[in-house]
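**Q** need the 3D shape of this:
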Amino acid sequence: MQFSDAEGGTLDLVAQDGPVLINLWATWCAPCVVEMPQLDALAGELEGEVRVITISQDVRGAEVVTPFFAQKGFARLEPWLDPDAQLSAQFTPEGLLPLTILFNAQGKEVLRVAGGYEWDSPEAIATIRKALAQN
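**A** Below you'll find the predicted structure:
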């Protein structure tokens, strides 16, 4: 599956080499908005170990995501867009957001968290590292 950003850059999830933490979120989702700075911090903490990818499920795409990112000034997160909600349809047909899924280097799902979570906590970092070590 490929996704783009507002500038036309593309992201191919299948082509990722190494572990990937994917977070499905939307600007209208209060727990999602709370998690975004935490995910930005997590990306820094796990740099070189896990790539943190946030993919917006906002139907209005860049129209709402670009100003959100500009306002928040994230250091590591990139504004990937999925306005057709392909990933939501695949991973959470009921539409529950946020949804975060950790894939190991072989592309196998090793952890899934539905709903809000404190991603920059020592517990979260330990849980991610443990999930990757076991798989």
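**Q** helices or strands up against the longest helix anywhere in the chain?
**A** With secondary structure taken from DSSP state H, the chain has its longest helix at helix 30-45. For helix 30-45, the elements it packs on are strand 20-25, strand 51-56, helix 122-134, judged by 3 or more Cβ pairs under 8 Å, 6 or more residues apart in numbering; DSSP states H and E. Any C-beta I mention is one placed from the backbone N, CA and C, and that applies to glycine too.
**Q** buried ones in it?
**A** By neighbour count with 16 or more other Cβ atoms under 10 Å, helix 30-45 contains the buried residues 32, 33, 35, 36, 37, 38, 39, 40, 41, 42, 43, 45.
**Q** likewise stretch 107-118?
**A** 110, 111, 113, 116, 117.
**Q** then the second one would be within a helix, right?
**A** Translated: residue 111. No: read with DSSP: H, G, I helix; E, B strand; the rest coil, residue 111 is strand and lies in no helix.
**Q** what pairs with it across the strands?
**A** Beta-bridge pairing for residue 111 (DSSP bridges): residue 102.
**Q** other residues contacting the longest helix of the chain?
**A** Contacts with helix 30-45, where a contact means Cβ atoms under 8 Å, 6 or more residues apart in numbering, come from 21, 23, 25-27, 51-52, 54, 72, 74-77, 97-98, 115-120, 124-125.
**Q** what angle sits between it and strand 51-56?
**A** Helix 30-45 and strand 51-56 are oriented at 160 degrees to each other (axes from the mean of the first three to the mean of the last three Cα atoms, to 10 degrees).
**Q** thinking again about what came up before, among the buried residues of stretch 107-118, which one sits closest to residue 91?
**A** residue 113 (11.7 Å; Cβ to Cβ).
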